[in-house]
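Asker: I'll drop the sequence and a predicted model, then ask my questions.
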Amino acid sequence: MKKQHFFYFIFISILFINGVEVYSHTNDTLPVNNSNTIQNQNSSIFIDDNCQSIMKIKKDFISKNLKLTEKESQQFWPIYNTYLKQEAIIYDQYKIELEKKGIKSQKGKIIPSISTDDQILFYLDMYYQTREATTLLEQKLYLDLKKVLTPRNLLYFLDLEKSFKSRVKEKAQGACPRSNK
């Protein structure tokens, strides 16, 4: 599940680069703002802008569906924003380390036919290190939010996180049908 978490974010980024809309828990359309994109898709500015758009959509989704008191909201958002930043750092580091080793991947998985044994082992080591780091980060988020949210709101928030990811995945599966020519 943690492995899929990383690849969902990459996949979500690709979807929004291509202008695919995501539907929220209530099936309302959430706006996608592609006006800040630039022509060079390899540019880090382009990726950063689109990742920010995805995070905004995710935050809007949570805000819309998670009913917090003013006090809960004041405590929740700084914790959650810190979590998102730390999570991004973990995944950025994972990507940087793989790129340093010249590891090529397709749909988030290493391509064994063009990889050396050392690259495959490095990829697997990095995968498990990243998975461990994200699990520890999620545990920290849980413990921090446990002090702030009611048990019901905490459970609902965790469900919203899963719901957002699964809805994006569902929409993405049919988003780019192959041409039947």
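Answerer: Structure received. Residues are numbered from 1 along each chain as shown.
Asker: When you work out contacts or count neighbours from here on, use the C-alpha atoms and nothing else.
Answerer: Will do.
Asker: any idea how far Leu160 lies from Lys59?
Answerer: Look at Leu160 and Lys59: by C-alpha to C-alpha, to the nearest Å, they are 11 Å apart.
Asker: And Asn81, by the same measure?
Answerer: When Asn81 is compared with Lys59 (using C-alpha to C-alpha), they lie 9 Å apart.
Asker: For the chain, which segments count as strands?
Answerer: 105-106, 109-110 (DSSP state E).
Asker: Below-threshold pLDDT in the chain: ranges please.
Answerer: For the chain, the stretches flagged by pLDDT under 70 are 1-52, 172-181.
Asker: Tell me where it has helices.
Answerer: Secondary structure of the chain, counting by DSSP state H: helices at 2-17, 44-65, 70-100, 117-146, 151-173.
Asker: what's the closest of those to Gly108?
Answerer: Gly108 lies closest to helix 2-17 among the helices of the chain, at 6.0 Å (C-alpha to C-alpha).
Asker: quick one on the thing from earlier: so for Leu160 and Lys59, which residue has more residues nearby?
Answerer: Using other C-alpha atoms under 10 Å as the criterion, Leu160 and Lys59 rank with Leu160 on top: 19 against 15.
Asker: give me every residue that touches the more buried one.
Answerer: 62, 65-66 (C-alpha atoms under 8 Å, 6 or more residues apart in numbering).
Asker: who wins for most neighbours among those residues?
Answerer: Ile62 (18 neighbours).
Asker: coming back round to it: most packed of the strands of the chain?
Answerer: Most buried of the strands of the chain by mean neighbour count (mean count of other C-alpha atoms under 10 Å) is strand 109-110; its value is a mean of 14.
Asker: Give the other helices and strands that that strand contacts.
Answerer: Applying 3 or more C-alpha pairs under 8 Å, 6 or more residues apart in numbering; DSSP states H and E, one finds that strand 109-110 contacts no other helix or strand.
Asker: quick revisit: could the strands of the chain go into CSV alongside distance to Thr135?
Answerer: Formatted as CSV, these follow (distance: least, C-alpha to C-alpha, whole Å):
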stretch, distance to Thr135
strand 105-106, 23
strand 109-110, 20
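Asker: Of all those strands, which one is nearest Tyr128?
Answerer: Using C-alpha to C-alpha, the nearest of the strands of the chain to Tyr128 is strand 109-110, at 13.3 Å.
Asker: From Lys109, how far off is the nearest residue to Pro112 once chain neighbours are set aside?
Answerer: Nearest residue to Pro112, sequence neighbours excluded (C-alpha to C-alpha, 6 or more residues apart in numbering): Ile120, at 7.1 Å. Noted for Ile120: a distance of 10 Å to Lys109, by C-alpha to C-alpha.
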